[in-house]
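Enquirer: A predicted structure for the sequence below; I have some questions about it.
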Amino acid sequence: IADRDKLPSYDPAQEPQKTSKNMLAGLAALALIGTKKEEKEEKEELEFFKGGDLGEIDDDAKWGDLSGSWDQPFTFEIEKNGQVLFYFGANHSTDPENNQFPILRTYWKKFLEKTKGKDKIVLIEGGLRPLAQTEKEAIEKSSEGGLATYLANKENVPITSPDIDSDDFAKSIPDLDPQQWFLASFLRWFELFQKNKKVKENTLEEICKIIKRKDYWKDVEVTPEKFKILYKQYIGKDFHEDESQNNFINPNRDDAITNKLIRMHSDAREVKIVEDAHKYWQEGKNIFIVFGSGHLIIQRPALETLLK
């Protein structure tokens, strides 16, 4: 891309046609993660990069909903016949002082040293980002995805986003109730604003504007008033901005219909991410992935099965 100001939005329709072999392989590998690990030794294999120390995490959760609650990022690597995959599991902070960002820079340098003169690609979560002018701007606007974009651009390493956004997911489910999906989408955005301490007087209106950008919502009422009605209908109580909504978007829980919908979206994303990583690996590329820590925990067994 010559003009970074014209960086396109991620569109799954632009992706190459997937083969049934790749799809089945991805699904089969992901099936391995459905049960809780019983052996402590397996749990201890989940390492995170902290000055060379090893850490242990709680991997009971099947779906990646806890990325923002872990202070330290997690990493793992796969190497085979001189080809490598580096996976950085982030915490989604937009604070330039967060300790994940020096770790990400160090991990990126390690990847570059390991892959000198080799074909490389960076995979980021949540769609492609416009190129920021500074690292600080990249982080404040786009968290770890923005910084990864900034760093990769400096080294002329191509970037893609093997993700399924909420709009494309909704279009792929014919019997999805738009009002229920609006409620789930709104709660997920609100929780993100809340986590980053950005809830203000007009936050509900801002979230509606963000959701309404996607054409899936053109025939759906997307307003704060409608959200509150749906919240009362499906959650069973009045909405209060000072209350955490995580219980209703946590894919590991079943408090409301929203949990089920978020879980369906999470599963679709995991398959797509593993599928695309497998495809790039087969093409001989060295891969640097930057996704939330929860995704790392879910995808690691699948990636190790497929790539090793």
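Expert: Received, thanks. Numbering: from 1, shown residues only.

Enquirer: ok, which stretches of the stretch 201-308 of the chain are helices?
Expert: Counting by DSSP state H, counting those that start in this stretch, one finds helices in the stretch 201-308 of the chain at the ranges 203-212, 224-235, 257-282, 293-307.

Enquirer: what packs against the last one?
Expert: The one in question is helix 293-307. On a contact count with 3 or more C-beta pairs under 8 Å, 6 or more residues apart in numbering; DSSP states H and E, helix 293-307 meets helix 20-31, strand 74-80, strand 83-90, helix 257-282. Every C-beta, even on glycine, is put in place using the N, C-alpha and C of the backbone.

Enquirer: separation between H92 and D163?
Expert: 14 Å (C-beta to C-beta, to the nearest Å).

Enquirer: give me the mean pLDDT for stretch 170-184.
Expert: Mean pLDDT, computed over stretch 170-184, is 93.

Enquirer: counting neighbours, which bits of that stretch end up buried?
Expert: Neighbour counts over stretch 170-184 (16 or more other C-beta atoms under 10 Å) mark A170, Q179, Q180, W181, F182, L183, A184 as buried.

Enquirer: so how many other residues sit close to L303?
Expert: Other residues near L303 come to 25 when the count uses other C-beta atoms under 10 Å.

Enquirer: off-centre distance for stretch 211-222?
Expert: Put simply, stretch 211-222 sits 22 Å off its chain's centre (C-alpha atoms, centre = their mean, to the nearest Å).

Enquirer: follow-up on the earlier one: just say which of the helices and strands packed on helix 293-307 is most tucked in.
Expert: Scoring these by mean neighbour count under mean count of other C-beta atoms under 10 Å gives strand 83-90 as the most buried, with a mean of 24.

Enquirer: run the angle between that strand and helix 293-307 for me.
Expert: Counting by axes from the mean of the first three to the mean of the last three C-alpha atoms, to 10 degrees, strand 83-90 points 160 degrees away from the direction of helix 293-307.

Enquirer: avg pLDDT for strand 83-90?
Expert: Mean predicted confidence for strand 83-90 is 97.

Enquirer: with stretch 294-308 instead?
Expert: Taken as a whole, stretch 294-308 has a mean pLDDT of 92.

Enquirer: just stretch 100-112 next, same as before
Expert: 96.

Enquirer: buried stuff in that stretch?
Expert: Within stretch 100-112, judged by 16+ other C-beta under 10 Å, the buried ones are Q100, F101, I103, L104, Y107, W108, K110, F111, L112.

Enquirer: where does pLDDT dip in the stretch 1-150 of the chain?
Expert: Per-residue confidence for the stretch 1-150 of the chain (pLDDT under 70) gives these ranges: 1-72.

Enquirer: put the alpha carbons of stretch 256-275 into CSV.
Expert: Output of stretch 256-275 as CSV, limited to C-alpha atoms (Å, rounded to 0.1, in the frame of the first residue of the first chain):
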residue,chain,number,x,y,z
ALA,A,256,-28.7,-14.0,29.1
ILE,A,257,-29.1,-14.6,25.4
THR,A,258,-26.3,-12.2,24.8
ASN,A,259,-23.8,-14.7,26.3
LYS,A,260,-24.8,-17.3,23.7
LEU,A,261,-24.5,-14.8,20.8
ILE,A,262,-21.0,-13.6,21.9
ARG,A,263,-20.0,-17.2,22.3
MET,A,264,-21.1,-18.0,18.7
HIS,A,265,-19.2,-15.0,17.4
SER,A,266,-16.1,-16.0,19.4
ASP,A,267,-16.1,-19.5,18.0
ALA,A,268,-16.4,-18.3,14.4
ARG,A,269,-13.5,-15.9,14.9
GLU,A,270,-11.2,-18.6,16.4
VAL,A,271,-11.7,-20.9,13.4
LYS,A,272,-11.1,-18.1,10.9
ILE,A,273,-7.9,-17.0,12.7
VAL,A,274,-6.4,-20.5,12.9
GLU,A,275,-7.4,-21.2,9.4
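
Enquirer: buried ones in stretch 186-201?
Expert: By 16+ other C-beta under 10 Å, the buried positions in stretch 186-201 come out as F186, L187, R188, W189, F190, E191, L192, F193, Q194, K195, V199.

Enquirer: having no further points to raise, I will conclude here.
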